[in-house]
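K.L.:
The sequence isn't on hand, but the structure is:
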């Protein structure tokens with residue numbers, strides 16, 4: 001129902017999938033959000049952080065039934081959130097992963113399909129197939 005609650009829930013899911021402490025993940029994600037919102041505009045947010053001992057980028061995508069305030073740059077509420085966890089590798093590699101996700105979520109057709117997805121399988125297939 002709110003940004004912090006959403007981020008904590010996504011971090012819990014990521015922690016479970018990665019067998020990592022979800023509170024440690026949430027601490028890093030929330031620390032990054034303090035630097036400035038990762039709400040890109042157009043109802044999209046890509047909260048991200050570097051996580052120690054992570055060997056490869058990891059993401060969790062969520063489409064919200066009800067958009068929430070995310071302090072996005074356009075002031076609009078967010079309904080598609082891609083939580084991106086990055087390894088502690090050189091900055092260039094991290095930027096490549098972040099840029100790839102951002103490109104996919106800037107594609108109008110992809111965003112339209114994500115918003116129309118009826119289940120998590122379709123949501124996943126859509127983001128994987130995106131240009």
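P.N.:
Cool, the structure landed. All values derive from a computational prediction rather than experimental measurement. Numbering: from 1, shown residues only.
K.L.:
Before we go further, residue 85 is sitting in a helix, right?
P.N.:
No. Residue 85 sits outside any helix when classified using DSSP: H, G, I helix; E, B strand; the rest coil, being strand.
K.L.:
can you pull the pLDDT of it?
P.N.:
Residue 85 is assigned a pLDDT of 96 by the prediction.
K.L.:
Tell me how many other residues crowd it.
P.N.:
Neighbourhood size, residue 85 [other Cβ atoms under 10 Å]: 26. No exception for glycine: its C-beta is placed from N, CA and C like everyone else's.
K.L.:
which residues touch it?
P.N.:
When contacts are counted by Cβ atoms under 8 Å, 6 or more residues apart in numbering, residue 85 touches 14, 18, 25, 48-51, 54, 57-59.
K.L.:
repeat that for 6 Å
P.N.:
51, 54, 58 (Cβ atoms under 6 Å, 6 or more residues apart in numbering).
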